[in-house]
Structures are given as C-alpha cells and as structure tokens.
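Enquirer: Test case, fold it:
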Amino acid sequence: MARFTLPRDIYYGKGSLETLKTLKGKKAIVVVGGGSMKRFGFLDQVVDYLKEAGMEVQLFENVEPDPSVETVMKGAEAMRKFGPDWIVAMGGGSPIDAAKAMWAFYEYPDTTFEELITPFNFPELRQKAKFAAIPSTSGTATEVTAFSVITDYAKGIKYPLADFNITPDVAIVDPVLAETMPKSLTAYTGMDALTHAIEAYVSTLHTPFTDPLAIKAIQMVFEYLPASYDGDKEAREQMHYAQCLAGMAFSNALLGIVHSMAHKTGAVFSTGHITHGLANAMYLPYVIKYNAKTPEAMARYAEIARAAGLSGNTDEELMEALRAKINEFNQKLCIPKTLKEFGIQEEEFKEKIAAIAENAVGDACTGSNPRAITPAQMEQLFTAIYYGKEVDF
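Expert: Numbers count the residues shown, from 1 in each chain. Okay, here's the model as predicted:
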C-alpha cells in the first residue's frame, strides 16, 4: 500500500498571507530567520493577522541558515514555556525546517534527536499544536513536505528528518514574499526545485500521483527560472508555484543521491559552506549520467527531456540533451561546474572524501535512487565532480 500526503489546505496567490486571519486558536508562536521578513514588513503583517484572529503572539527569531540541533532545542524550550496551539513558520527553508523539528520536541520533550533521525519514526504530533508554513524562497517547498533538514555541526553532517507527521496543516504560498529574493538565492533555490522534481520523477517510489506534479514543475522551472533570475515578477510568481509542485512530488516519491551528496558536503569543508541548492545544481548533471546506466532511469530522463521540448533520436541523446540544458542553466546562473572551481582545497577533499562517501551512501535519500551505489562508487562520483571528469562507471 502506498500513501500520498499533502497539507490539509494550500492557499496561494498574491495577498494569500491574509489567510492567517482565519486561523482558530489562542496562542501562536512565529518562527523566523535572520531579519529579511522583518525588514520587508512581512513579519509585522503576520503578527497583525494572527492578532486579528484573536491570538496571543510570541516570536522566535534569528534561526540561522542550515539550522542546528541547538537552535531546535532552544525553540522547543520557548514553545514549552509559551504553550502555543499554532506554530507559524515563515521565511526560507531553514526556519520552517527548524520549526518542524521544534514541534516534535515541544510535544514530546523526552524524545531524542537520534530517534528522529530514523525515517518515519516521529511520535504522533498535533497533541498540542497545528502547523502553518509560509515560504519566502522558491526552492525547498518545505511548506508542503514531510521533510526537515537539521545540521549537527559537531559532526559536520546535515540530517534529513522524514515523517508524514511533519507535513504542515496549512501552507500559504504568497508570491509577494518571493519578490524580495536576491539573484543568487533565486538561482540556488530554483535549481533546488528542479532537482527535487527530476529526482522525484526517476525515484524508485514515483507513482501516477507524483509524476504529473514532477513533470509540470520541471516544465515551469525551464520556462520561468531565467526570467525570475533577472527579476521578472510574473516569472517569480510562477517559480513560487513550480517549487511547490516539485515539493508535492518529492515529499511522496522521495529523492535520490543528488540530495544525499548535498546533505553530506554542505557543512564539512573548512573553505566554507556549500549552499544546498548550489550543491544540487552542481551534482545533478553528473548523477544523471551515473543513474542513466540503468535502462529504467535512462527512459525516465528521456521522458523528462521530451516533456521539456528537447530533441534527440534515442533515449541516450535525450538524456544528454537534458544534461546539456542543466549545464546551460548553471552557467547562466553562475553556478560552478566542479568542486575544485567552487574552492574546495584538493588536500582536504582527498583527506575527507572516503568518510563523506560513506555518509552519503547512508543518507535517507539514497534508498530511492534509481541506481544502487557503494561507498567506493560514491567516492568515484565525488572525484569526478571535483575534477570535472566524465562519469563512465
């Protein structure tokens, strides 16, 4: 038996933030990031709407990019003291992901982070609060997914937490919030959305329910991301919807090793953090070539290429056309082609790659990848990406 889970309600369109006025409850805690939501006036709007709904409101601010276990624990403690019946998370993926994990520790103070790392092992939520998510970036789609990514900086590892329990009750997809994204963030989140949709389409767990969502998202990203990057507001709006469709697909079909690799390299190198969407964009063309060694994956990539209007006489030509299209986008969006070009030092890469490869194989996203992979193959794949070599194994 399979399952397909989405939020109870998805509100979208310009001005949909007003939906907050209709929530029923006594107390709401608003979880936000580093200040852009406050700077552009959106945080004040949210607080005002919640107060209009008759709720007492408390803020938990300054969730960092790639939120830490420590931030999650602080937020859960604040929730236990305040006692909200609504958790409202707004901003990029980081505050929403953090709030999802806080939710679990708020309702179950005795649970451990180690218990939550096990996929689909969360306790039954909604004993104390419901959850509303409001994205301001067009990539993670965490407002409609059963996922949260939390970083253990002591280990240098990002952990994807997965459970249908943490799918929000309400998602508010208001494109006005996305209009404030800088160009680099527009690029990285847009390519994150594309990766979500492509990985969902070729996942071993794809279904007739997820395939149309993934294909439509891919078509929309290819159509609208360049103009969105250049600041076109109509294209920004369409990208905000495209990433949400991609999220609906991957939340139910799951992902693959592009995400496994991005999770395990984001925080591990001393030369600086590799932004998640940038990592996905960089790794995606190489992983497509690796996965396409299996006939099933090759055929699925060819279907994607056809749906995107690309040309080729064979499945292999179509797959290569898809890779070329992604590389073309990466070049336009100023995304490096290799880890060496990104700035990772060769000596450190060689020193850490064996452990990184093993961790990536053990990531929760690896199980649904269309081609199996060993730690030795993963190390080969990373090495190809570091030097920009052809993937021929």
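Enquirer: Okay, and the nearest residue to residue 175 once chain neighbours are set aside sits in which element?
Expert: Leaving aside its sequence neighbours, residue 175 sits nearest to residue 237 (Cβ to Cβ, 6 or more residues apart in numbering; 3.8 Å). C-beta: built from backbone N, CA, C; applies to glycine. Assigning secondary structure by DSSP states H and E places residue 237 in helix 233-253.
Enquirer: what's the answer for residue 378, then?
Expert: helix 375-387.
Enquirer: Just list what that helix packs against, helices and strands only.
Expert: Packing partners of helix 375-387 (3 or more Cβ pairs under 8 Å, 6 or more residues apart in numbering; DSSP states H and E): helix 257-265, helix 276-291, helix 339-342, helix 346-361.
Enquirer: Just name the shakiest helix or strand of this protein by mean pLDDT.
Expert: strand 157-162 (a mean of 84; mean pLDDT, DSSP states H and E).
Enquirer: The next helix or strand after it - contacts with which helices or strands?
Expert: Once the chain leaves strand 157-162, the next helix or strand it forms, by DSSP H and E, is strand 170-173. Where contact means 3+ Cβ pairs under 8 Å, 6+ apart, strand 170-173 is packed against strand 9-12, strand 130-135, helix 233-253.
Enquirer: returning to that earlier point: point out the one among the helices and strands packed on helix 375-387 that comes closest to residue 84.
Expert: The closest of these to residue 84 is helix 276-291. By Cβ to Cβ, the value is 28.2 Å.
Enquirer: isn't the residue nearest to residue 175 right up against residue 14?
Expert: Yes: using Cβ atoms under 8 Å, residue 237 is in contact with residue 14, at 7.4 Å.
Enquirer: For the two, indicate the residue with more neighbours.
Expert: Shown here are residue 237 and residue 14; by other Cβ atoms under 10 Å, residue 237 has more neighbours (22 against 12).
Enquirer: now the more buried one: how far from residue 178?
Expert: According to Cβ to Cβ, to the nearest Å, residue 237 stands 8 Å off from residue 178.
Enquirer: Point out the most buried one among the helices and strands packed on strand 170-173.
Expert: strand 130-135 (a mean of 27; mean count of other Cβ atoms under 10 Å).
Enquirer: Next, the residues that contact it from outside, please.
Expert: For strand 130-135, contacts defined as Cβ atoms under 8 Å, 6 or more residues apart in numbering pick out 7, 17, 20, 23, 25, 46, 85-93, 96, 99-100, 103, 125, 141-144, 166, 168-174, 177-178, 240, 243-244.
Enquirer: can you pull the alpha-carbon coordinates of it into PDB?
Expert: Taking C-alpha atoms only, strand 130-135 is exported to PDB below (Å, rounded to 0.1, in the frame of the first residue of the first chain):
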ATOM      1  CA  LYS A 130      -1.000  22.700  14.500                       C
ATOM      2  CA  PHE A 131       1.500  24.000  12.000                       C
ATOM      3  CA  ALA A 132       1.300  26.700   9.300                       C
ATOM      4  CA  ALA A 133       4.200  27.300   6.900                       C
ATOM      5  CA  ILE A 134       4.800  30.400   4.800                       C
ATOM      6  CA  PRO A 135       7.700  30.200   2.300                       C
END
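Enquirer: just the angle between that strand and helix 233-253, please?
Expert: Inter-element angle recorded for strand 130-135 and helix 233-253: 140 degrees (by axes from the mean of the first three to the mean of the last three Cα atoms, to 10 degrees).
Enquirer: could you point out which element follows strand 130-135?
Expert: strand 147-152.
Enquirer: ok so, going back, can you name every helix or strand that the helix holding residue 237 contacts?
Expert: Right, helix 233-253 is packed against strand 9-12, strand 130-135, strand 170-173, helix 175-178, helix 183-202, helix 211-229 by 3+ Cβ pairs under 8 Å, 6+ apart.
Enquirer: so how far is that helix off the chain centroid?
Expert: Centroid separation for helix 233-253 versus its chain: 11 Å, with Cα atoms, centre = their mean, to the nearest Å.
Enquirer: circling back to that earlier point, deepest-packed of the helices and strands packed on helix 375-387, please.
Expert: helix 257-265 (a mean of 27).
Enquirer: Run the angle between it and strand 157-162 for me.
Expert: 130 degrees.
Enquirer: what sits up against helix 257-265?
Expert: 149, 157-160, 195, 199, 274, 276, 279-280, 283-284, 287, 290-291, 339, 356, 359-361, 363-366, 369, 373, 378, 381-382.
Enquirer: Show the contacting residues for residue 52.
Expert: residue 21.
Enquirer: before we move on, back to that, find the residues that touch each one of residue 237 and residue 14.
Expert: residue 175.
Enquirer: Which one, of the helices and strands packed on helix 233-253, ends up nearest to residue 57?
Expert: Per Cβ to Cβ, nearest to residue 57 of the helices and strands packed on helix 233-253: strand 130-135, 12.6 Å.
Enquirer: Check the offset of the closest one from the chain's centre.
Expert: With Cα atoms, centre = their mean, you get 15 Å for strand 130-135.
Enquirer: Now it: average pLDDT?
Expert: Throughout strand 130-135, pLDDT has a mean value of 98.
Enquirer: Over to stretch 367-382?
Expert: pLDDT averaged over stretch 367-382 gives 98.
Enquirer: end to end, how far does that stretch reach?
Expert: 18 Å (Cα to Cα, to the nearest Å).
Enquirer: so which of the helices and strands packed on strand 170-173 gets nearest residue 61?
Expert: Nearest of the helices and strands packed on strand 170-173 (Cβ to Cβ): strand 130-135, 14.8 Å.
Enquirer: Name every strand pairing with that closest one and say which way it goes.
Expert: With DSSP bridges as the test, strand 130-135 is paired with strand 86-91 (parallel), strand 170-173 (parallel).
Enquirer: Report the separation between the most far-flung residue of the chain relative to its centre and residue 305.
Expert: For the chain, the residue at maximal distance from the C-alpha centroid (Cα atoms, centre = their mean) is residue 313, at 33.5 Å. Here the criterion is Cβ to Cβ. By it, residue 313 lies 12 Å from residue 305.
Enquirer: again with residue 259
Expert: 21 Å.
Enquirer: related to what we said a few turns ago, output the helix holding residue 237 as PDB, nothing but the C-alphas.
Expert: As requested, C-alpha coordinates have been extracted for helix 233-253 and formatted as PDB (Å, rounded to 0.1, in the frame of the first residue of the first chain):
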ATOM      1  CA  LYS A 233       7.800  39.500 -11.100                       C
ATOM      2  CA  GLU A 234       5.500  37.300 -13.100                       C
ATOM      3  CA  ALA A 235       8.200  34.700 -13.500                       C
ATOM      4  CA  ARG A 236       9.000  34.900  -9.800                       C
ATOM      5  CA  GLU A 237       5.300  34.100  -9.100                       C
ATOM      6  CA  GLN A 238       5.300  31.100 -11.400                       C
ATOM      7  CA  MET A 239       8.600  29.800  -9.900                       C
ATOM      8  CA  HIS A 240       7.000  30.100  -6.400                       C
ATOM      9  CA  TYR A 241       4.300  27.700  -7.600                       C
ATOM     10  CA  ALA A 242       6.700  25.500  -9.500                       C
ATOM     11  CA  GLN A 243       8.800  24.800  -6.400                       C
ATOM     12  CA  CYS A 244       5.600  23.900  -4.500                       C
ATOM     13  CA  LEU A 245       4.500  21.400  -7.100                       C
ATOM     14  CA  ALA A 246       8.000  19.900  -7.000                       C
ATOM     15  CA  GLY A 247       7.700  19.600  -3.200                       C
ATOM     16  CA  MET A 248       4.400  17.800  -3.500                       C
ATOM     17  CA  ALA A 249       6.100  15.300  -5.800                       C
ATOM     18  CA  PHE A 250       9.200  14.600  -3.800                       C
ATOM     19  CA  SER A 251       7.500  14.500  -0.500                       C
ATOM     20  CA  ASN A 252       5.700  11.500  -1.700                       C
ATOM     21  CA  ALA A 253       8.100   9.900  -4.200                       C
END
